[in-house]
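>>> Mind folding the following:
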Amino acid sequence: YIEEDNRSMGIRIEKIDHNLTTGMRVDVSGVIKTNANRERCILADSAIQTAPPNTTGVIAPLGMNNCAVGGADWQVAETSGQQGLTGLDGLNNVGLLIKIWGQFHPVDATTFTVNDGSGLLIRCAVPSDMFLRSNWQYVSVTGVVSIVKYNTVINHPNILVREIEVLKPTNPIDIEMVYIP
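Residues are numbered from 1 along each chain as shown. All right, here's what the predicted structure looks like:
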């Protein structure tokens with residue numbers, strides 16, 4: 001995935017053997033397509049690191065609640081734009097680096113959901129070398145917003161996880177109640 005410096009939009013790049021790493025600024029050329037999950041991507045003919053002096057950069061994640069993850073359609077017309085998530089409103093943020101947090105619910109060895117209490121569970125997928133623990137209660141997750149298509153009409157948000165921070169719940173405060181007549 002690549003993202004604009006101002007974090008206004010991002011897009012998936014598909015290129016085998018690109019030798020690029022996170023934090024590099026890149027120049028990409030290719031054809032824009034929509035993949036099987038209805039996510040726009042660039043099938044890159046070329047993806048190379050930008051020439052100096054602008055060879056590296058850092059994109060900070062956008063913090064958001066679960067109901068904002070994915071957003072609505074963005075300029076969708078025939079083969080252009082990016083489809084949003086089924087039933088969601090707000091700005092489309094598919095392809096952007098975000099941060100969410102909430103209650104952790106393991107699904108399998110590489111998948112879990114996060115519940116922030118807003119009513120929408122967000123599916124999160126980790127790389128095979130990242131390990132999940134079933135005893136985690138609350139997490140903060142940084143990753144790129146993607147789409148998972150469950151059938152031909154329902155799109156769900158999917159976070160491609162880069163980092164998980166396990167949040168330990170605070171201990172309850174002992175309060176002594178005193179009755180004053």
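>>> Enumerate the beta-bridge partners assigned to the closest residue to residue 45 other than its chain neighbours.
Sequence neighbours aside, residue 30 is the residue nearest to residue 45 in space, at 4.8 Å (criterion: C-beta to C-beta, 6 or more residues apart in numbering). C-beta here means a position set from N, CA and C on the backbone, and glycine is covered the same way. On the basis of DSSP bridges, residue 30 is bridged to residue 44.
>>> and what of residue 106?
With DSSP bridges as the rule, residue 106 is bridged to residue 112.
>>> got it, and residue 74?
Under the criterion used here (DSSP bridges), residue 74 is bridged to residue 82.
>>> try residue 3
Beta bridges link residue 3 to residue 10 when assigned by DSSP bridges.
>>> in the protein, what spans have low per-residue confidence?
78-81, 84, 86-88, 151-155, 169-181 (pLDDT under 70).
>>> ranges for the strands of it?
For the chain, the strands defined by DSSP state E cover 2-3, 10-14, 26-34, 40-49, 62-63, 74-77, 80-82, 97-108, 111-115, 122-125, 138-149, 155-167.
>>> Which one, of these, ends up nearest to residue 89?
Closest to residue 89 of the strands of the chain is strand 74-77 (C-beta to C-beta; 12.0 Å).
>>> Give me the buried stretch members for the closest one, please.
Buried residues in strand 74-77, counted by 16 or more other C-beta atoms under 10 Å: 74, 76.
>>> packing partners for it?
Helices and strands touching strand 74-77, by 3 or more C-beta pairs under 8 Å, 6 or more residues apart in numbering; DSSP states H and E, are strand 80-82.
>>> The residue nearest to residue 45 - how many residues pack around it?
When neighbours are counted by other C-beta atoms under 10 Å, residue 30 registers 15.
>>> now do residue 112
24.
>>> Could you report the distance from it to residue 139?
Residue 112 sits 8 Å away from residue 139 when distances are taken as C-beta to C-beta, to the nearest Å.
>>> Ok, residue 146 next?
On the measure of C-beta to C-beta, residue 146 and residue 139 end up 18 Å apart.
>>> Repeat that for residue 168.
10 Å.
>>> who has more neighbours, these two?
residue 139 (20 against 8).
>>> Give me the spatial nearest neighbour of that one, chain neighbours excluded.
residue 104 (4.6 Å).
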